[in-house]
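Q: Please work out how this folds:
(one chain, ligands or ions: 1)
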Amino acid sequence: MTALLVAAARAIETYRHDALARDVYAEHFVRAAPASAGWPVRMHQVPDGDANPLWGRFARYFGLRTRVLDDFLLQSVSTDGARQVVLLGAGLDSRAFRLEWPPGCVVYEVDREGVLAFKQKVLDGLSATPRAVRVPLPIDLRADWVGALADAGFDRAAPSVWLAEGLLFYLPPDAEKSLIDRVDRLSTEGSALAYEVKLDKDLLEYRDSPLYTSTTEQIGIDLLNLFDRETRPDSDADLTSRGWSTSVHTPYDFTRRHGRGPLPEENDALAGNRWVFANKART
Ligand SMILES: C[S@@+](CC[C@H](N)C(=O)[O-])C[C@H]1O[C@@H](n2cnc3c(N)ncnc32)[C@H](O)[C@@H]1O
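A: Below is the predicted model:
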């Protein structure tokens, strides 16, 4: 359901006149799932338009996030020369189909079996052709997924680019720690990683925020119930101690850079969101 929520947001973003990212596949996922078939996929289908906290501000947040992480991935494969891209918790991410990958790129998509099976069915119905070698890996990230990735052809001796977009706050702290540990062990010098975290000390502080209440009321997704509420690990410090260089940004940094996107507000459920970019330096 959360993957469908992000897909609906990307569909809406796609048809804005000032779109930050375009994903022509997104609306097909939303339409194909009975649970989301009635959700809006165009802004004009939202009666209160941009004033709607879910389909206005929150959807724009996902549009901005998509654009920023598109740019991160494309820059990483072009400047660092990595040809292996691993999308952790890929959900309905269509980057393997949307982005102009350099020749020789392999995109691994890790998510749970049901999500990837649904995604494949929709893509098959569209006769969609990936622009890289695409390898879906149906695995639960709480289990040991290193062997499955290696069996699928991942080469730990070659640089890689990793993405955990909209994922870590759903995982228990130990699962996040072991995920970071595995990414580090599988990443040779010249590799890169981007991920999203929530730094809030107490997620419930924003339980009455327009963003959370409208998501629950309009589409029945109670995000606070899905997020793991235990104290989060400091993955930034962990990566730094392992020799990665990191930079931590608020989404608002990119809103200002692009001239559009969400800005801070009162009772802001996005206040603790950070996008972290990490590089394992060549020595
Ligand atoms: C909010 S969606 C984000 C999807 C995608 N990264 C995006 O931004 O469009 C979260 C995704 O994480 C996946 N996920 C959550 N827990 C997982 C787990 N333990 N193992 C594998 N995937 C998981 C869900 O199935 C879902 O597709």
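Q: what about the residue in the stretch 151-283 of the chain positioned nearest to the ligand, neighbour count?
A: Taking CB to the nearest ligand atom, the ligand has its nearest neighbour within the stretch 151-283 of the chain at residue 166, 3.6 Å off. (Glycine included, C-beta is placed from N, CA and C.) The number of residues packed near residue 166 is 19, by other CB atoms under 10 Å.
Q: element containing it?
A: In this structure, residue 166 sits in neither a helix nor a strand according to DSSP states H and E.
Q: Repeat that for residue 274.
A: Taking DSSP H and E as the criterion, residue 274 maps to strand 273-280.
Q: what residues does the stretch 101-250 of the chain put near the ligand?
A: Among all residues of the stretch 101-250 of the chain, those adjacent to the ligand (criterion: CB under 6 Å from any ligand atom) are 111, 112, 115, 140, 141, 142, 165, 166, 167, 170.
Q: list the buried ones in the longest helix seen in the chain?
A: For the chain, the helix that runs over the most residues, judged by DSSP state H, is helix 59-79. The neighbour-count check on helix 59-79 (16 or more other CB atoms under 10 Å) flags 59-70, 72-74, 76-77 as buried.
Q: show me the contacts for the residue in the stretch 51-200 of the chain positioned nearest to the ligand.
A: Distances from the stretch 51-200 of the chain to the ligand, computed as CB to the nearest ligand atom, single out residue 91 as the nearest residue at 2.5 Å. By CB atoms under 8 Å, 6 or more residues apart in numbering, residue 91 lies in contact with 2, 3, 6, 7, 111, 115, 119, 166.
Q: got a pLDDT number for the last one?
A: On the pLDDT scale, residue 166 is placed at 97.
Q: just the helices in the stretch 51-200 of the chain please.
A: Secondary structure of the stretch 51-200 of the chain, counting by DSSP state H, counting those that start in this stretch: helices at 59-79, 95-98, 113-125, 146-151, 173-186.
Q: So the longest helix of the chain, near the ligand or not?
A: No: residues of helix 59-79 are not located near the ligand by CB under 6 Å from any ligand atom, the shortest gap being 7.1 Å.
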